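Peer 1: let's see this in three dimensions:
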Amino acid sequence: MLAPYRKVLALPGAVAFSSAGVLARLPMSMVTISIVLLVEAVYSSYALAGQVAAVYTVAQAICAPQLSKLVDSCGQSRIMRPSLVVAMSGLVGLAVAAMLQGPAWALYPAAALAGATVGSMGALVRARWNQVVDGPRQLHTAYSLESALDELVFVVGPVLATTLAAAINPVAGLLIAIAAAGGGGFWFLAQRRSEPTASGRPAEGERGSVIRSAGMVIIAVVFIAMGSIFGSVDVATVAFAKEQGAPGLAGVVLGVFACGSLISGLLYGAREFTMLAWKRFVIGILGLAAGICLFVLADSLWVLAAAMFVTGFAIAPTIITGNALVQQLVPPSRLTEGLTWVGTAIGVGFAVGSSVGGRVIDLHGGHAGYVVSMGAAGLAALVALSTAAVLRGVTTRPRIG
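Peer 2: Got it, this is the predicted structure:
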């Protein structure tokens, strides 16, 4: 099983940029839950916590594709170095405003500034893999590796954030996320040999956004619903664990969710599939939706953790396949932008899920948040099934560009 991964990691520069990418991506699993933990601890409102986290993710969703356009045109290090400095400054401002118990409105601009400039490190890493791999088989393995590493980040990040918040201070998780963003990000961007060549100004036919194609719209809508699952699950699990008298276990339970995805991602990347990618994508969404329905039946954290572990097996293969479909749909010179839309869509959904979930939880308790998750899962399944024929058509044609 490990042989394909050893082969891609032996490629020049692969270990270095992939390792730096893991550290730089740690904030993506820590920032939103750290915001929820910090804001709820200081202001005693899950609704406010979910809204501030939503502002961060919406700002990232809106601005990350625009940053990626600049990255494709001008290069990763030239664009992302100053952008990371601004993002870290925004997160520091948010931490200071909350700890000083400033007015609630002050949290929003700080969150928006950080989200707007943090970019999509996952897309940057995957774009580098496209530079160094030899053929689609190695690219499948590389994408699977990165998705597994994403899940590793989501195993470690929530546990670290909740443990630090419970044992030290509610702001501790956010400060560690800031340090990881700076350390990992600048280490990654310092590796110039593996950086994709800047494409320069796009040709006349390549201007505008890649999201305008039918296939990209379908993938984006499905991933918005998928992100809503993640956002509502995060907030609901924090609230449910607190109601169960074990707030420190929220990160552990969320880590179990990611652990199932990590294992499935590694297994998925070690295999070669004959089934077309669009079919695997639809099946993955249906499996995820079925698993999410189990969450509303959980009456304890241990039952919830077991349901999350099993359901997590549908996450990584679905995201891996979604990224592979994007690679089929967009021109090579627009790949960073295309891959960023996957993260952007999940981010938009996360914002919706965390905000709606927070309001429902404030009114009806932590367990009710999983009803929001189930609704989002149903929407994802409905969209995937109803548009399967369109997705098949656009992904079996020759790639544009």
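
Peer 1: contacting residues for residue 321?
Peer 2: Contacts for residue 321 were tallied using Cβ atoms under 8 Å, 6 or more residues apart in numbering; they are 277, 280, 281, 284. Using the backbone N, CA and C atoms, a C-beta is placed for each residue, glycine as well.

Peer 1: lowest-confidence entry in those?
Peer 2: Per-residue confidence across those is lowest for residue 277, with 86 (pLDDT).

Peer 1: Throw the contacts of residue 321 into JSON lines and include neighbour count, thanks.
Peer 2: Output for the contacts of residue 321, formatted as JSON lines (neighbours: other Cβ atoms under 10 Å):
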{"residue": "277", "neighbour count": "21"}
{"residue": "280", "neighbour count": "19"}
{"residue": "281", "neighbour count": "25"}
{"residue": "284", "neighbour count": "25"}
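
Peer 1: export those as CSV, with columns for secondary structure and distance to residue 163.
Peer 2: Written out in CSV, the entries for the contacts of residue 321 read as follows (DSSP: H, G, I helix; E, B strand; the rest coil; distance: Cβ to Cβ, whole Å):
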residue, secondary structure, distance to residue 163
277, helix, 38
280, helix, 36
281, helix, 35
284, helix, 31
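
Peer 1: neighbours of residue 73, how many?
Peer 2: By other Cβ atoms under 10 Å, 18 other residues sit near residue 73.

Peer 1: pLDDT score assigned to it?
Peer 2: Confidence for residue 73, expressed as pLDDT, is 87.

Peer 1: what do you get for residue 319?
Peer 2: The confidence metric pLDDT takes the value 90 at residue 319.

Peer 1: ok, so of the contacts of residue 321, who is nearest residue 159?
Peer 2: Residue 159 has its nearest neighbour among the contacts of residue 321 in residue 284, at 25.3 Å by Cβ to Cβ.

Peer 1: how about the contacts made by that closest one?
Peer 2: Going by Cβ under 8 Å, 6+ apart, residue 284 touches 314, 317, 318, 321.

Peer 1: state the distance from the third one to residue 271.
Peer 2: Using Cβ to Cβ, to the nearest Å, we find residue 318 at a distance of 15 Å from residue 271.

Peer 1: where in this protein is pLDDT low?
Peer 2: Across the chain, the ranges flagged by pLDDT under 70 are 1, 200-208, 396-401.

Peer 1: so residue 101 is in which element?
Peer 2: Per DSSP states H and E, residue 101 falls between elements, in no helix or strand.

Peer 1: for the one 10 residues further on, same thing?
Peer 2: When secondary structure is defined using DSSP H and E, the element that contains residue 111 is helix 107-117.

Peer 1: would you mind putting the CA coordinates of stretch 341-356 into CSV?
Peer 2: As requested, C-alpha coordinates have been extracted for stretch 341-356 and formatted as CSV (Å, rounded to 0.1, in the frame of the first residue of the first chain):
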residue,chain,number,x,y,z
TRP,A,341,-12.7,26.8,-5.8
VAL,A,342,-13.0,23.4,-4.1
GLY,A,343,-11.8,24.8,-0.8
THR,A,344,-13.8,28.0,-1.4
ALA,A,345,-17.0,26.1,-1.9
ILE,A,346,-16.4,24.1,1.3
GLY,A,347,-15.6,27.3,3.1
VAL,A,348,-18.8,29.0,2.0
GLY,A,349,-20.7,25.9,3.1
PHE,A,350,-18.8,25.8,6.4
ALA,A,351,-19.9,29.4,7.0
VAL,A,352,-23.5,28.7,6.4
GLY,A,353,-23.4,25.5,8.4
SER,A,354,-21.7,27.0,11.4
SER,A,355,-23.9,30.1,11.4
VAL,A,356,-27.2,28.3,11.0
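
Peer 1: count the neighbours of residue 82 for me.
Peer 2: By the criterion of other Cβ under 10 Å, residue 82 has 11 neighbours.

Peer 1: could you list the buried residues of the helix or strand hosting it?
Peer 2: Residue 82 is part of helix 76-99 when elements are defined by DSSP H and E. By neighbour count on 16 or more other Cβ atoms under 10 Å, the buried set for helix 76-99 is 76-77, 79-80, 83-84, 87-88, 90-91, 93-95, 97-98.

Peer 1: other SSEs contacting it?
Peer 2: Using 3 or more Cβ pairs under 8 Å, 6 or more residues apart in numbering; DSSP states H and E as the contact criterion, the neighbours of helix 76-99 among helices and strands are helix 14-43, helix 46-74, helix 107-117, helix 121-132, helix 172-189.

Peer 1: so what touches the shortest one?
Peer 2: Defining contact as Cβ under 8 Å, 6+ apart, one finds that helix 107-117 is touched by 31, 35, 39, 48, 51-53, 55-63, 67, 83-84, 86-91, 93-94, 97-98.

Peer 1: can you tell me the centre-most residue of this structure?
Peer 2: Per Cα atoms, centre = their mean, the C-alpha nearest to the average position across the chain is that of residue 343, at 5.3 Å.

Peer 1: spatially nearest residue to that one (excluding sequence neighbours)?
Peer 2: residue 120 (4.5 Å; Cβ to Cβ, 6 or more residues apart in numbering).

Peer 1: for residue 113, see how far away residue 160 is.
Peer 2: Relative to residue 113, residue 160 is positioned 24 Å away (criterion: Cβ to Cβ).

Peer 1: please apply the same query to residue 211.
Peer 2: Here residue 211 is placed at a distance of 24 Å from residue 113 (Cβ to Cβ).

Peer 1: let me know the secondary structure of residue 170.
Peer 2: Following DSSP: H, G, I helix; E, B strand; the rest coil, residue 170 is assigned to coil.

Peer 1: wait, it sits on residue 37?
Peer 2: Yes - here residue 170 lies in contact with residue 37, judged by Cβ atoms under 8 Å, at a distance of 5.6 Å.

Peer 1: residue 248: which of the helices and strands packed on helix 76-99 is closest?
Peer 2: Taking Cβ to Cβ as the criterion, helix 14-43 is the member of those that comes nearest to residue 248, at 10.5 Å.

Peer 1: for that closest one, what is the distance to the chain centroid?
Peer 2: 10 Å (Cα atoms, centre = their mean, to the nearest Å).
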